[in-house]
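# Provided below for reference: sequence and predicted model.
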Amino acid sequence: MKENKLYLSFTLGKEAFAVSVKKVLEVMQQQKLTIVPNAPEYIKGVINFRGEIIPVVELRSKLNIPKRDANEKYITIILELNIAEQAIKLGAIADKVTDVITISKKEIKDVPELGSTFNSNFLNGMIERDTQFIMLLDVDKVFSEEEIEIVQSV
């Protein structure tokens, strides 16, 4: 079994995250979004990705991280999720991509218990690099099945 895996690292505010490169289809510069009326706050709109209309979510909203200033630049990470045996494409807004990093299995630490009301299922663990913690997102678990149904209906 291969011990090292590649991750795309990115920032949301002052926090660092990483996602398996196997889930990343593309990283795009700031895109013009088409706003969808009455969508949940974390759904910022839709974009055309290779001829397909896909929803774009604001990870800051979804993960309870303070909003960015309206004129701050951002990037869109196009992800492919696997929910209920179905492949779903969506764009995730992040502040910036920092790097593609190699992480060994032994580097990954468990997420600490933060109380019974905190659901950490969407985190595969944490690593520490250069005195900064990087949280490893399991993008298939960031959204509930109900939220994915909402995202798909957009």
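Sure, I can see it.
# Please count neighbours and contacts with C-alpha atoms only from this point.
OK.
# Just to check, Gly13 is in contact with Asp69?
No: if you go by C-alpha atoms under 8 Å, Gly13 and Asp69 don't touch, sitting 10.5 Å apart.
# When those two are compared, which one has more neighbours?
More crowded of Gly13 and Asp69, by other C-alpha atoms under 10 Å: Gly13, with 14 against 7.
# residues touching that one, list them.
60, 65-66, 68, 95 (C-alpha atoms under 8 Å, 6 or more residues apart in numbering).
# Kindly recompute the last result at 7 Å.
Asp95 (C-alpha atoms under 7 Å, 6 or more residues apart in numbering).
# what are the ranges of the helices in the protein?
59-62, 145-153 (DSSP state H).
# average pLDDT for stretch 84-104?
In this model, stretch 84-104 carries a mean pLDDT of 91.
# end to end, how far does it reach?
28 Å (C-alpha to C-alpha, to the nearest Å).
# quick one on the thing from earlier: rank the helices of the chain by pLDDT, which is bottom?
Among those, helix 145-153 scores lowest, at a mean of 69.
# Which helix or strand in the chain has the lowest average pLDDT?
In the chain, the helix or strand scored least confidently by mean pLDDT, DSSP states H and E is helix 145-153, which has a mean of 69.
# what residue ranges in this protein score low on pLDDT?
1-2, 114-119, 144-145, 150-154 (pLDDT under 70).
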